[in-house]
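*Asks:* Attaching a predicted model along with its sequence, questions to come.
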Amino acid sequence: MSRQKVTEYIKESSQKKSLQEHKVQKHRIFNHIELFIKDPFPDNVNIENILDRLQKEIPEHFLNEIDMILVGDFPALKKRGADAMYAEGAIYLSNSTSGEDDTYDDLIHEIAHSLESGYSMELYGDGQLEYEFVGKRKMLYHLLVQHGYQRPMMDFINADYNEDFDIFLYKEVGYDTIRNIAPNLFLSPYAATSLREYFANGFEALYMGQDKDYIKRVSPKLYEKLEQLYYMGRFDPETEMAYHMDDEKGWSNKHGY
């Protein structure tokens with residue numbers, strides 16, 4: 001099933017009006033983003049813990065592209081093999097999860113994808129992030145050739161998502177193999193999937209607490225973009241000027257970066 005068909009299916013089965021009519025559990029994030037729980041989480045998952053963590057660790061302006069979050073048992077997500085997705089202002093989360101960390105991880109990853117809508121030029125417009133990503137892909141190509149894997153170089157140069165190539169990396173090569181032959185090339189093997197996943201994986205790593213110095217060392221341009229994103233949308237109300245990176249130690253005392 002294509003991403004578009006998945007989106008259409010979920011929209012039809014999860015209209016906001018329908019959710020309200022069935023009196024599903026509702027929460028608010030930063031007092032303006034609604035989260036609806038259509039189907040409950042397992043007993044070991046407390047959504048309040050997840051939302052408290054989110055509001056403490058994620059700058060509010062990172063959620064500017066999100067109108068609502070829906071939680072439930074969506075067969076279309078299962079068929080696609082996904083636990084979450086972002087589409088047209090909404091994040092869809094599966095209620096089937098092993099714990100709060102996994103759900104928070106999925107939520108952070110989809111917030112990253114939502115940022116691509118509002119900050120696409122800042123992220124990709126200068127081509128530097130793609131240059132870094134493709135360079136890593138080329139190195140991965142040569143390493144895989146040395147280990148007997150055959151695949152056209154063009155597949156590695158293409159930064160867009162390709163389902164066949166995704167399957168090649170995940171099933172034919174395997175993420176454990178990528179970790180072993182290319183340690184410290186990507187923050188995780190999944191980051192090699194596409195340019196968009198490279199960005200989202202880095203965002204996820206940072207806000208899941210991975211060492212920022214390690215992120216900067218492995219993917220310096222990606223780290224620079226993440227740093228820029230943090231300061232976008234933050235203004236001094238008196239001067240109407242954006243805070244400058246050098247004006248604060250680290251990224252932010254509040255968020256610990």
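*Replies:* Received it, and whenever you're ready, just let me know what you need.

*Asks:* switch to C-alpha atoms for all contacts and neighbour counts from now on
*Replies:* Will do.

*Asks:* mind saving the C-alpha coords of the helix or strand hosting residue 52 as CSV?
*Replies:* Secondary structure assignment for residue 52, by DSSP states H and E: helix 47-57. Backbone C-alpha positions of helix 47-57 (Å, rounded to 0.1, in the frame of the first residue of the first chain) are rendered in CSV as follows:
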residue,chain,number,x,y,z
ILE,A,47,0.7,9.0,28.0
GLU,A,48,1.0,11.8,30.6
ASN,A,49,4.7,10.8,31.2
ILE,A,50,5.4,10.9,27.5
LEU,A,51,3.8,14.3,27.0
ASP,A,52,5.5,15.8,30.1
ARG,A,53,8.8,14.6,28.7
LEU,A,54,8.0,16.0,25.3
GLN,A,55,7.1,19.4,26.6
LYS,A,56,10.3,19.6,28.7
GLU,A,57,12.7,18.4,26.1
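
*Asks:* Now do the next helix or strand after that helix, average pLDDT.
*Replies:* From helix 47-57 onward toward the C-terminus, using DSSP H and E, the following helix or strand is strand 68-72. Predicted confidence along strand 68-72 averages 93 (mean pLDDT).

*Asks:* Need phi/psi at residue 38.
*Replies:* For residue 38, the backbone dihedrals (degrees, to the nearest 10) come out as phi -80, psi -40.

*Asks:* Any figure for the gap between the closest residue in space to it that isn't next to it in sequence and residue 31?
*Replies:* Using Cα to Cα, 6 or more residues apart in numbering and skipping the chain neighbours, the partner closest in space to residue 38 is residue 72 (5.0 Å). When distance is defined by Cα to Cα, to the nearest Å, residue 72 is 22 Å away from residue 31.

*Asks:* Tell me which of the two has more neighbours.
*Replies:* Between residue 72 and residue 31, counted using other Cα atoms under 10 Å, the more crowded position is residue 72 (18 against 7).

*Asks:* my guess is the more buried one contacts residue 94, does it?
*Replies:* Yes. The pair formed by residue 72 and residue 94 meets the contact definition of Cα atoms under 8 Å, at 5.2 Å.

*Asks:* Just the helices from this protein, written as ranges.
*Replies:* When assigned using DSSP state H, the helices of the chain occupy the ranges 3-13, 16-21, 47-57, 75-80, 100-118, 120-124, 128-146, 153-157, 163-167, 175-181, 195-207, 212-218, 220-231.

*Asks:* I'd guessed residue 186 sits against residue 193; true?
*Replies:* No. With contact defined as Cα under 8 Å, residue 186 does not reach residue 193; the gap is 10.5 Å.

*Asks:* Let's see stretch 114-132 as PDB, backbone CA atoms only.
*Replies:* Presented in PDB, the C-alpha positions along stretch 114-132 are these (Å, rounded to 0.1, in the frame of the first residue of the first chain):
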ATOM      1  CA  SER A 114       6.900  17.500  10.200                       C
ATOM      2  CA  LEU A 115       9.800  20.000  10.400                       C
ATOM      3  CA  GLU A 116      10.700  19.200   6.800                       C
ATOM      4  CA  SER A 117       7.400  20.900   5.700                       C
ATOM      5  CA  GLY A 118       8.200  24.200   7.300                       C
ATOM      6  CA  TYR A 119      12.000  24.300   7.000                       C
ATOM      7  CA  SER A 120      12.700  22.500   3.800                       C
ATOM      8  CA  MET A 121      14.800  25.400   2.300                       C
ATOM      9  CA  GLU A 122      16.700  25.800   5.500                       C
ATOM     10  CA  LEU A 123      17.500  22.100   5.700                       C
ATOM     11  CA  TYR A 124      18.000  21.200   2.100                       C
ATOM     12  CA  GLY A 125      18.200  24.400   0.100                       C
ATOM     13  CA  ASP A 126      21.900  24.800   0.100                       C
ATOM     14  CA  GLY A 127      22.600  21.200  -0.800                       C
ATOM     15  CA  GLN A 128      25.100  20.700   2.000                       C
ATOM     16  CA  LEU A 129      23.200  18.100   4.000                       C
ATOM     17  CA  GLU A 130      22.600  16.100   0.800                       C
ATOM     18  CA  TYR A 131      26.300  16.400   0.000                       C
ATOM     19  CA  GLU A 132      27.200  15.000   3.400                       C
END
